[in-house]
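A.B. asks: quick one, structure for this:
(one chain, ligands or ions: 3)
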Amino acid sequence: MQPDLLDLHVLHHFRTRSPLTHCMTNDVVQTFTANVLLALGASPAMVIEAEEAEQFAALADALLINVGTLTSPRAQAMRRAIESAVAAGKPWTLDPVAVGALAFRTRFCQQILTLKPAAIRGNASEILALAGMSAGGRGVDTTDTAASALPAAQALARQTNAIVAVTGEVDYVTDGQRTRTIPGGDPLMTRVVGTGCALSAVVAASCSLPGDRLDNVAAACGWMKRAGSVAASQSAGPGSFSGAFIDALWNLEAQA
Ligand SMILES: Nc1ncnc2c1ncn2[C@@H]1O[C@H](COP(=O)(O)OP(=O)(O)O)[C@@H](O)[C@H]1O
Ligand SMILES: Cc1ncsc1CCOP(=O)(O)O
Ligand SMILES: [Mg+2]
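C.D. replies: Ligands and ions are numbered 1, 2, ... in the order given. Next up, the predicted model:
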């Protein structure tokens, strides 16, 4: 990736505004997600009790809804949080983990799509399934390439008015008319749990920034791609990659 694709002006906004980011995410990725947001300068808070989630969604700058370990009570709390965020004019972002592969979460995501998400970030199989164009991936992992899911991402963006990011070996970010292409990263990013989920949290936070939302979401994808490339070049495997990835996010400007 070229340095200008790092979108340093957006990164500057991100670090100075430090978006208060309400994460309703899965049990597997809580700490990693918070550490990714902190390394980029955001302020994460994981608030999940329904009454508190409804209250906090109106106060936070952005809301992430990630259905990775969805349960009925969590779905109810998420719905209350989304409605509160929308009423307060705060952007919310959907990560449709394993949608298509499992019926309960697929129904839930289809229902909340009507509640005007600002952005949707998923892997190729998830975006294809959410757009109704395939049956989903292998659990939380994709069985499709991001390029093959680009038409689905564009259709989903037009249908929902959300910015849709479909990620993989190349990331594509689209509003249904315009599409940004973000190469880079490393396959090691798929050998550490939570890179996709954490990216969705960064996308959620980026939706609270001023400026063009398509550019802001593309910038978020670019930061994670760059950190993945740098970390892979410095690590011996998934264990050391994880720490190097957080450090690379912290040091993004120095690598530009
Ligand atoms: N083969 C790959 N090469 C480079 N980067 C990748 C590759 N696969 C995924 N990534 C990156 O890993 C992160 C997680 O994406 P992805 O694996 O698509 O999501 P998920 O973890 O939700 O399945 C993104 O930043 C994406 O760009
Ligand atoms: C393994 C797993 N199981 C349920 S949620 C989850 C985490 C998925 O993380 P990611 O989508 O970032 O790979
Ligand atoms: Mg995922």
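
A.B. asks: would you mind listing what in the stretch 1-150 of the chain touches ligand 3?
C.D. replies: Taking CB under 5 Å from the ion as the criterion, the stretch 1-150 of the chain approaches ligand 3 at residues residue 97. For glycine as for every other residue, the C-beta is placed from the backbone atoms N, C-alpha and C.

A.B. asks: give me every residue in the stretch 1-150 of the chain lying close to ligand 2.
C.D. replies: Contact residues, the stretch 1-150 of the chain versus ligand 2 (CB under 6 Å from any ligand atom): 26, 28-29, 68-69, 97, 140.

A.B. asks: out of the residues you listed, who has the most neighbours?
C.D. replies: In terms of neighbour count, residue 97 stands highest of these at 27 neighbours, by other CB atoms under 10 Å.

A.B. asks: in the stretch 101-250 of the chain, which residue sits nearest ligand 3?
C.D. replies: Taking CB to the ion, ligand 3 has its nearest neighbour within the stretch 101-250 of the chain at residue 196, 3.5 Å off.

A.B. asks: excluding its backbone neighbours, what's nearest the residue of the stretch 1-150 of the chain at minimum distance from ligand 2?
C.D. replies: In the stretch 1-150 of the chain, the residue that lies nearest ligand 2 is residue 68 (2.8 Å; CB to the nearest ligand atom). Leaving aside its chain neighbours, residue 68 sits nearest to residue 26 (2.8 Å; criterion: CB to CB, 6 or more residues apart in numbering).

A.B. asks: name all residues that make contact with the one you found.
C.D. replies: For residue 26, the contacting residues are 66-70, 97, 197, by CB atoms under 8 Å, 6 or more residues apart in numbering.

A.B. asks: sorry, back to before: and the pLDDT at the residue of the stretch 1-150 of the chain closest to ligand 2?
C.D. replies: What the model reports for residue 68 is a pLDDT of 98.

A.B. asks: can you verify my assumption that it contacts residue 198?
C.D. replies: No. With contact defined as CB atoms under 8 Å, residue 68 and residue 198 do not form a contacting pair (11.7 Å).
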